[in-house]
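Q: sequence plus predicted model, see below.
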Amino acid sequence: MENLNSYLIMSAILFAIGTIGVLTRKNVIVIFMCVEMMLNAANLSFVAFSRHLGNMDGQIFVFFIMTVAAAEAAVGLALIIAFYNNKESIDVDDVSIMKW
């Protein structure tokens, strides 16, 4: 059986990279990709614990997380495209000045 610590360390590194990306970037697409990376880090932890414990609960959680992430990607990209059509920019700073 594989070492659980190596999977958890990799998951923590991926989550940290995603968090740093969300906090430091201004491009909405890059922020969106960093959030997806954070979700995948959580998925990796769930699968690692599921395999270590020998049950399928973690893998079922991953299935639901991937379903929510797919819906988030569809809605998020639609919002980004709509925002780009209005402002011709995808900077986070421009979102705060969005008016009706």
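A: Arrived safely, thanks for sending.
Q: show me the residue sitting in the middle of this structure in space.
A: Per C-alpha atoms, centre = their mean, the C-alpha nearest to the average position across the chain is that of Glu36, at 1.9 Å.
Q: where's the nearest residue to that one once chain neighbours are set aside, which helix or strand?
A: Nearest non-adjacent residue to Glu36, counting by C-beta to C-beta, 6 or more residues apart in numbering: Ala69, 6.4 Å away. Every residue, glycine included, has its C-beta placed from N, CA and C. For Ala69, the host element (DSSP states H and E) is helix 57-87.
Q: in that helix, what's buried?
A: Buried residues in helix 57-87, counted by 16 or more other C-beta atoms under 10 Å: 58, 61-62, 69, 76, 83.
Q: quick check, nearest of those to Ser45?
A: Closest approach to Ser45 among the buried residues of helix 57-87 (C-beta to C-beta): Gly58, at 8.1 Å.
Q: for that closest one, which non-adjacent residue is spatially closest?
A: Closest to Gly58 by C-beta to C-beta, 6+ apart is Ser50, at 2.8 Å.
Q: OK, contacts around that neighbour?
A: Each residue near Ser50 by C-beta atoms under 8 Å, 6 or more residues apart in numbering is listed here: 56-59, 62.
Q: could you export those residues as a markdown table, including distance to Tyr7 and pLDDT?
A: As requested, these are exported to a markdown table (distance: C-beta to C-beta, whole Å; pLDDT from 0 to 100):
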| residue | distance to Tyr7 | pLDDT |
| --- | --- | --- |
| Met56 | 17 | 89 |
| Asp57 | 16 | 87 |
| Gly58 | 11 | 86 |
| Gln59 | 14 | 89 |
| Val62 | 13 | 92 |
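Q: let me know the closest of those residues to Asn5.
A: Gly58 (16.3 Å).
Q: distance check, the closest one against Glu88.
A: Going from Gly58 to Glu88 by C-beta to C-beta, to the nearest Å gives 43 Å.
Q: all set now, cheers.
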